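A.B. asks: Predicted model and sequence follow; I will ask about them next.
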Amino acid sequence: MNALDSFAASKLDALERAHLRRALVDTAREDGVWIVRDEKRLLSFSCNDYLNLTHHPKVKAAAIAAIEEHGAGAGASRLVTGNHPLFAELEARLAKLKETEAACIFGSGYLANAGIIPVLVGEGDLLLIDEFSHSCLWAGSQLSRANVQTFRHNDLSHVEELLSQGRGKHQQAMIVTDGVFSMDGDLAPLHELGALARTHNAWLMSDDAHGLGVLANGRGSVFASGTKAPVDLQMGTLSKALGSYGGYLCASRAVIDLIKTRARTLIYSTGLPPASVAAAMAALGIIETDPDLTARPLANAQAFTRALNLPLAQSPIVPIVIGDEVVALNAQKVLEREGFLVTAIRPPTVPAGTARLRVAFTAGHPMVEVERLASVIRQRILL
Ligand SMILES: *Cc1c(COP(=O)(O)O)cnc(C)c1O
């Protein structure tokens with residue numbers, strides 16, 4: 001073994017001993033809810049395909065037609081020749097849905113967050129981030145070289161304290177948070193964060209990866225309270241409820257123009273495949289016209305939390321926090337034997353000591369299966 005290989009092997013050994021080694025498992029998806037692993041068919045509660053649109057006939061047909069018309073790939077960065085006419089159409093549709101002046105689509109949600117934040121804040125600026133924010137908000141924060149300070153999860157008084165102490169010492173200030181927390185399923189207090197941002201002359205950015213398509217008739221977490229929260233930068237993904245791939249930012253015209261000029265992950269990365277853009281657009285069309293569909297994932301999650309006497313679900317994501325990694329992995333195995341896929345989530349995706357089952361509900365889960373999952377969890381896991 002050479003030095004590099006033994007370095008890699010010893011890292012893997014350490015992860016294995018801590019039960020934190022991860023492996024890719026071949027998983028065939030038959031449709032929006034059923035998957036096949038090791039020749040076993042399982043009902044998946046681990047896909048983010050909340051509306052099962054990855055397999056919707058209209059969405060697939062739109063992607064196929066776009067390949068026929070525009071080819072399989074974009075061919076270059078959007079700023080060179082990769083900006084197919086479909087892109088502007090999708091951006092206009094997203095801006096309309098989110099009530100902003102403009103939008104910009106990116107290669108993925110991760111690329112969006114890694115690109116947006118460093119355009120807006122840098123050295124000498126203050127960036128406040130919720131401790132449970134998604135990994136790619138952290139990546140963007142670290143790339144920005146701003147003074148990054150973490151606030152306790154959804155703790156408004158902590159945000160207030162950090163702004164009162166730090167705002168005057170920095171040029172710009174920005175607050176970033178998930179709108180729907182990806183591993184906890186709870187919502188950020190966006191109205192209150194927006195008010196704090198206003199008071200302290202700071203900007204607010206939220207990541208709606210898990211809100212678009214499933215909250216407030218599909219419009220997302222910014223609209224979840226019934227009125228639009230004052231969020232300056234509404235970021236999200238095309239890869240979850242929209243069933244496609246890609247990321248986006250909705251904001252004012254000036255901000256979007258600046259992002260399109262300066263975001264490195266947009267400038268130096270190839271544009272999305274036209275098929276992904278067309279699929280996302282077809283999915284948006286379904287979301288805009290089918291409020292019953294968009295209400296179903298949350299209704300399923302709430303039926304589940306009622307059956308288990310858990311706090312009422314606020315989004316389609318429900319965590320069953322177990323604590324220990326090995327116990328969480330065993331719980332996943334128990335559920336697999338019952339025909340369910342509910343993937344155990346371990347650190348560093350979640351804080352140490354909070355390994356969990358993350359249950360994600362979709363429109364297509366039959367209610368009898370939601371109830372059976374709840375009863376298996378009650379009898380075999382929560383004991
Ligand atoms: C999945 C996710 C992303 C990344 O989006 P991709 O399009 O999959 O890269 C960003 N933020 C949150 C909160 C997510 O859950």
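C.D. replies: Received, thanks. Bear in mind the structure is a predicted one, so any value in this text is a computation, not a measurement.

A.B. asks: By proximity to the ligand, which residue of the protein wins?
C.D. replies: Here the chain gets closest to the ligand at one residue, residue 109, 2.3 Å apart by Cβ to the nearest ligand atom. Glycine gets a C-beta too; all of them are placed from N, C-alpha and C.

A.B. asks: how many neighbours does that residue have?
C.D. replies: 24 (other Cβ atoms under 10 Å).

A.B. asks: Surely it and residue 242 touch.
C.D. replies: No: using Cβ atoms under 8 Å as the test, residue 109 is too far from residue 242 to be in contact (10.8 Å).

A.B. asks: Around the ligand, which positions in the stretch 51-200 of the chain sit nearby?
C.D. replies: 108-110, 134, 136, 178, 182 (Cβ under 6 Å from any ligand atom).

A.B. asks: Neighbour-wise, give me the winner out of those.
C.D. replies: In terms of neighbours by other Cβ under 10 Å, those top out with residue 178 at 27 neighbours.

A.B. asks: Now the nearest residue to residue 37 once chain neighbours are set aside: phi and psi?
C.D. replies: Take residue 37 and drop its neighbours on the chain: the residue closest to it by Cβ to Cβ, 6 or more residues apart in numbering is residue 27, 5.3 Å away. Residue 27 has phi and psi values of phi -140, psi 110 when expressed as degrees, to the nearest 10.

A.B. asks: list the contacts for residue 27?
C.D. replies: Residue 27 makes contact with 35-37 under the criterion Cβ atoms under 8 Å, 6 or more residues apart in numbering.

A.B. asks: Just put those in CSV and tack on pLDDT, secondary structure and neighbour count.
C.D. replies: Shown next, in CSV, are the contacts of residue 27 (pLDDT from 0 to 100; DSSP: H, G, I helix; E, B strand; the rest coil; neighbours: other Cβ atoms under 10 Å):
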residue, pLDDT, secondary structure, neighbour count
35, 97, strand, 18
36, 97, strand, 13
37, 94, strand, 14
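
A.B. asks: Also within reach of the ligand: list those from these.
C.D. replies: Within the contacts of residue 27, nothing lies near the ligand by Cβ under 6 Å from any ligand atom.

A.B. asks: circling back: next step: the residues of the stretch 51-200 of the chain next to the ligand restricted to helices.
C.D. replies: 109-110, 136 (DSSP state H).

A.B. asks: Would you quantify the distance from residue 172 to residue 35?
C.D. replies: Using Cβ to Cβ, to the nearest Å, one gets 45 Å for the distance from residue 172 to residue 35.

A.B. asks: Ok, residue 179 next?
C.D. replies: The value you get for residue 179 to residue 35, if Cβ to Cβ is used, is 27 Å.

A.B. asks: Pull the contacting residues for the closest residue to residue 220 other than its chain neighbours.
C.D. replies: In space, and not counting its chain neighbours, residue 220 is closest to residue 211: 3.8 Å by Cβ to Cβ, 6+ apart. For residue 211, the contact set (Cβ under 8 Å, 6+ apart) comprises 179-180, 187, 220-222, 224, 236, 315.

A.B. asks: filter those to the buried ones?
C.D. replies: 179-180, 187, 220-222, 224, 236, 315 (16 or more other Cβ atoms under 10 Å).

A.B. asks: residues in contact with residue 162?
C.D. replies: By Cβ under 8 Å, 6+ apart, the neighbours of residue 162 are 126, 128, 149, 151.

A.B. asks: SS state for it?
C.D. replies: Classification of residue 162 by DSSP: H, G, I helix; E, B strand; the rest coil places it in helix.

A.B. asks: separation between it and residue 94?
C.D. replies: 31 Å.

A.B. asks: same question, residue 200
C.D. replies: Taken as Cβ to Cβ, the spacing of residue 200 relative to residue 94 amounts to 29 Å.

A.B. asks: Mind pulling the model confidence for the residue nearest to residue 220?
C.D. replies: The model reports residue 211 with a pLDDT of 98.

A.B. asks: Show the low-confidence segments of the stretch 1-150 of the chain, by residue range.
C.D. replies: Applying pLDDT under 70 to the stretch 1-150 of the chain flags no residue at all.

A.B. asks: For it, which segments count as helices?
C.D. replies: According to DSSP state H, counting those that start in this stretch, the stretch 1-150 of the chain carries its helices in the segments 3-17, 57-70, 85-98, 109-120, 135-144.

A.B. asks: Might one say that residue 297 is in contact with residue 52?
C.D. replies: No: using Cβ under 8 Å, residue 297 makes no contact with residue 52, being 9.4 Å away.

A.B. asks: Identify the contacts common to those two.
C.D. replies: Common neighbours of residue 297 and residue 52, using Cβ under 8 Å, 6+ apart, are 362-363.

A.B. asks: Which residue ranges make up each domain of this structure?
C.D. replies: As given by automatic domain parsing, the domain ranges for the chain are 22-54+291-381, 55-289.

A.B. asks: Of those, flag the one that's most buried.
C.D. replies: Of all the domains of the chain, domain 55-289 carries the top mean neighbour count, a mean of 20, counting by mean count of other Cβ atoms under 10 Å.
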